[in-house]
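> Need coordinates for the following:
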Amino acid sequence: MKDVVVALDVGGTGMKCALVGTDGVVRHSERHPTLAERGPEAVLDNIVDIADGLARTAKAEGLTPIATGIAVPGVVDEANGIAVWSSNIGFRDVPVRARLEERLGLPAALGHDVRVGGIAEARLGAGRGRGHVLFVAIGTGIAAALVVDGTGYPGAHGAAGELGHIVVRPGGNPCGCGQRGCLEAHTSAKAVGRRYAELSGEPGATAFDVVSRLETDELARTVWLETIDVLADGLVIAQALYDVDVLVLGGGLAEAGEALLGPLREAFAARVTFHRTPEIVRAELGDEAGCLGAALLALDHLQESQ
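Numbers count the residues shown, from 1 in each chain. Predicted coordinates for the structure are as follows:
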């Protein structure tokens, strides 16, 4: 097949970009800086320029671009193609889809970065074959995406999935959202590193340091088990709300693999009462999930419009 989707996954510092076939296979990939420090208009210009360049690359390689899919962080109005709010790239009510369609002359779709990642994992990755999937990205922050029969749930205002901001430790660590004790404030990779740094007196310590020292450092093991205890509480709440078949964990913290999944499964099972216990697995698609999901979203919109 020669038809491809121009797909971009926009982050605060970098963009993962690809040409994705209708079969979900990446035909070409690139990476570019986001240039967020230059302001939101420059970011949008950068996105449009890169997307246009990818479309030209596709044609030069004998491929036919048929649509564009873009994933951005923050609150996204998918129906109208507007990036409502995104703190790390400065977007406020930015008409991303309209600008892309005007420049490329292709149908475009705009989605939330974690939600499209969840769509990709549900259809092509660790959740394939399952009807109800909750994808949880645990990195600098925490966000989730509920995917039912391959379709992501955006919520009434495009803000569904903010699992990182449920309060699991009332009065606990301050969170960037203004609350205290949020799941993100205790179990994100950033929070894990900060906790270990405070206790060890080692400035600049990271979650990677904690994981790499689990076999040799009692303090690292203590911080890790505290993290899993809080994370299990948050995920049990999520299961009570969503009753999914499988919990797919992605993001930097999930790179710990069984060092995370094994004790987390045990902690989760110990908390279950009447709930059905979902399978808890690691994401399979890595950092390609955003581009793949953006492409899938674009293909969905293309099909709906025909």
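
> domains of the chain?
Structural domains of the chain, as assigned by automatic domain parsing, span the residue ranges 3-117+287-305, 129-283.

> export the ones you listed to CSV and tack on mean pLDDT?
Shown next, in CSV, are the domains of the chain (pLDDT from 0 to 100):
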stretch, mean pLDDT
domain 3-117+287-305, 95
domain 129-283, 96
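
> secondary structure element for D233?
Following DSSP states H and E, the helix or strand that holds D233 is helix 218-242.

> Show me which residues of stretch 202-214 are buried.
Judged by neighbour count (16 or more other CB atoms under 10 Å), stretch 202-214 contains these buried residues: A205, T206, A207, D209, V210, V211, R213. C-beta: built from backbone N, CA, C; applies to glycine.

> Could I have the CA atoms of it written out in PDB?
Listed next in PDB are the C-alpha coordinates belonging to stretch 202-214 (Å, rounded to 0.1, in the frame of the first residue of the first chain):
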ATOM      1  CA  GLU A 202      21.900  13.200  46.800                       C
ATOM      2  CA  PRO A 203      20.800  16.200  44.700                       C
ATOM      3  CA  GLY A 204      19.800  15.400  41.200                       C
ATOM      4  CA  ALA A 205      18.900  11.800  41.900                       C
ATOM      5  CA  THR A 206      16.400  10.300  39.500                       C
ATOM      6  CA  ALA A 207      13.800   7.500  39.300                       C
ATOM      7  CA  PHE A 208      16.400   5.600  37.200                       C
ATOM      8  CA  ASP A 209      18.800   5.700  40.100                       C
ATOM      9  CA  VAL A 210      16.200   4.300  42.400                       C
ATOM     10  CA  VAL A 211      15.400   1.400  40.000                       C
ATOM     11  CA  SER A 212      19.000   0.600  39.300                       C
ATOM     12  CA  ARG A 213      19.900   0.400  43.000                       C
ATOM     13  CA  LEU A 214      17.000  -1.800  44.100                       C
END
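
> Tell me which helix or strand the most centrally placed residue in the chain sits in.
Centroid check for the chain by CA atoms, centre = their mean gives V114 as the closest residue, at 2.7 Å. Using DSSP H and E, V114 falls within helix 113-124.

> now swap in H32 and tell me
H32 is located in strand 26-33, with elements delineated by DSSP H and E.

> by contact count, what packs against that strand?
In terms of contacts (3 or more CB pairs under 8 Å, 6 or more residues apart in numbering; DSSP states H and E), strand 26-33 is packed against strand 14-21, helix 40-60, helix 289-305.

> Let's see that with 6 Å instead.
The elements that strand 26-33 packs onto, with contact taken as 3 or more CB pairs under 6 Å, 6 or more residues apart in numbering; DSSP states H and E, are strand 14-21.

> what ranges do the helices span in the stretch 51-200 of the chain?
In the stretch 51-200 of the chain, the segments counted as helices under DSSP state H, counting those that start in this stretch are 96-104, 113-124, 183-187, 189-200.

> Can you point out the buried residues in the second one?
Buried residues in helix 113-124, counting neighbours by 16+ other CB under 10 Å, are found at D113, V114, R115, V116, G117, G118, I119, A120, E121, A122, R123, L124.

> In a markdown table, list the residues you listed along with distance to R97.
Formatted as a markdown table, the entries for these read as follows, by distance: CB to CB, whole Å:
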| residue | distance to R97 |
| --- | --- |
| D113 | 15 |
| V114 | 19 |
| R115 | 15 |
| V116 | 14 |
| G117 | 19 |
| G118 | 20 |
| I119 | 17 |
| A120 | 20 |
| E121 | 24 |
| A122 | 23 |
| R123 | 22 |
| L124 | 23 |
